[in-house]
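Chemist: Return a 3D structure for these sequence lines:
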Amino acid sequence: MRINVLIIVLLFVGLFFSCKNKLQVNAPYKDIPNVYAVLCPQLPEQTIRINKTFLGEGNALDMAKVADSVNYPAGELTVTLNRFVNGAQVNASYQNQTVVFGEKVLETSAGVFSSKQRVYFTNDKLFTDGEYRLTIKNNKTNETFTAKANALDSVRIAGLPSPFDAKHYPYPNTISNDSIAITIDYSVPNKKYTIIYKATEPGLKAKVYQLSMRFHYYDSINGAPSNYNYVEYAFLNKFNPNDLQKVPALGDCFTAEFYGNDLINSLSYSFSKVNTPAGFIRRRIYMIQYIITSSSNEYSDYMQYANPSLNVAQEKPLYTNFDDKKAYGIFTFKTRCSINKKIRNDYVNYLGITKPTCNYGFFMFAIGTSSNDPGGYKALNCQ
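Modeler: The predicted model follows:
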């Protein structure tokens, strides 16, 4: 009797799954854009990426490689930006009351999605205050997708000139900040260096701050400088106000600390990944660029959603700050402050003779003898 019951159950299960295979699993398609709109008023161009969700019966990874699967057709979307201050509409840019985005197709790095990405851009200069409202209209369906975000100002010192004037921030705490032409030297291996910078403004609208140092270099190829590029040393994010520290005479600040030895090891690793061009003679780091980016609380939340989950349950809800959750993704602001510093001659020599960076052809400081050789000679010994 038990055998007969088991046979009936197995037949029922088989019938259920055979019927289930005949069901239409694809629900009716609904237009839900996936938007990445993180604007930065300090940049000359603002770019928004808008992909469409796609539906099909094939392999999703294969479909994602097809440009038409992830990009809206040319002219199908109208993307605009408006700005409001105290509830009244004002100019969204220095040029126009309403910013209308153009579109173009970019070739991106290979990845999960198609390398041909249609993006929406404007060269209008945006303001650093006010509430911005983004509108994306699908001209084919007449659907609109809206979101709003507050503009952010870049890092500055309250009551003092901006970082691009005589008072330069960030600056090493061991060096006076009174000179525009401060030169940098991080050549003591076991010394802890500290870089200090202030938050954006007393209102603390920005939530996340990150400092990075870009070491700009060029290669001397057949005796002439060429192949200008950079390697980057990035610090961990700082969160406002949790990571603020009291600094004498400056008040609440963020600090970034590192040892000279950690920096040179990081530079060595970065240069180990750089391809040596044909005709290479030597290489020089000629400038350090300090870049501080700050971003909103929404951006912080978005990055938390984007990070891989460490829980047993791997699925996460898709992030959105669009009205009525009609679109996935984010619309918000970030800021960028950039300061360039020259490198002290002692540090140039240090990179040229000290392991492990001396393995990458850095040359010592010297007076140049011709316009084709801007100075320096290659170290003979690697200490």
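
Chemist: Surely Ser154 and Cys337 touch.
Modeler: Yes: judged on Cβ atoms under 8 Å, Ser154 makes contact with Cys337 at a distance of 4.5 Å. (C-beta placed from N, C-alpha, C; glycine too.)

Chemist: list residues touching both of the two?
Modeler: By Cβ atoms under 8 Å, 6 or more residues apart in numbering, Ser154 and Cys337 have these common neighbours: Gln42, Ile292.

Chemist: Without its sequence neighbours, what residue ends up closest to Ser338?
Modeler: Distances taken as Cβ to Cβ, 6 or more residues apart in numbering place Ile291 nearest to Ser338, at 5.2 Å, with adjacent residues excluded.

Chemist: low pLDDT regions in the chain?
Modeler: 1-30, 54-69, 108-115, 156-182, 199-204, 305-317, 366-383 (pLDDT under 70).

Chemist: switch to 50 and redo it
Modeler: Residues of the chain meeting the criterion pLDDT under 50: 1-25, 55-67, 111-112, 157-169, 171-180, 202, 310-314, 367-375.

Chemist: could you pull out the helices for it?
Modeler: 2-20, 60-64, 67-70, 260-272, 297-306, 345-353 (DSSP state H).

Chemist: wait, what's in contact with Phe254?
Modeler: Ile196, Tyr197, Lys198, Ala199, Tyr209, Leu211, Lys238, Asp243, Leu244, Gln245.

Chemist: Nearest residue to it in space, ignoring adjacent ones along the chain?
Modeler: In space, Phe254 is closest to Lys238, 4.6 Å off (Cβ to Cβ, 6+ apart).

Chemist: in the sheet, who's paired with the one you found?
Modeler: On the basis of DSSP bridges, Lys238 is bridged to Tyr209.

Chemist: Quick one: neighbours of it, just the number.
Modeler: Counted with other Cβ atoms under 10 Å, the neighbours of Lys238 add up to 22.

Chemist: surely the residue nearest to Ser338 meets Arg336?
Modeler: Yes: contact criterion Cβ under 8 Å: Ile291 and Arg336 qualify, at 6.6 Å.

Chemist: quick one, what contacts the closest residue to Leu263 other than its chain neighbours?
Modeler: Excluding the flanking residues, the one nearest Leu263 by Cβ to Cβ, 6+ apart is Tyr186, at 5.5 Å. Shown in contact with Tyr186 (Cβ under 8 Å, 6+ apart): Tyr193, Gly260, Leu263, Ile264, Tyr347.

Chemist: shouldn't the fourth one be in contact with Thr354?
Modeler: Right, Ile264. Yes: if you go by Cβ under 8 Å, Ile264 and Thr354 touch, sitting 6.9 Å apart.

Chemist: Spit out the residues that contact the two alike.
Modeler: With Cβ under 8 Å, 6+ apart, Ile264 and Thr354 have no common neighbours.
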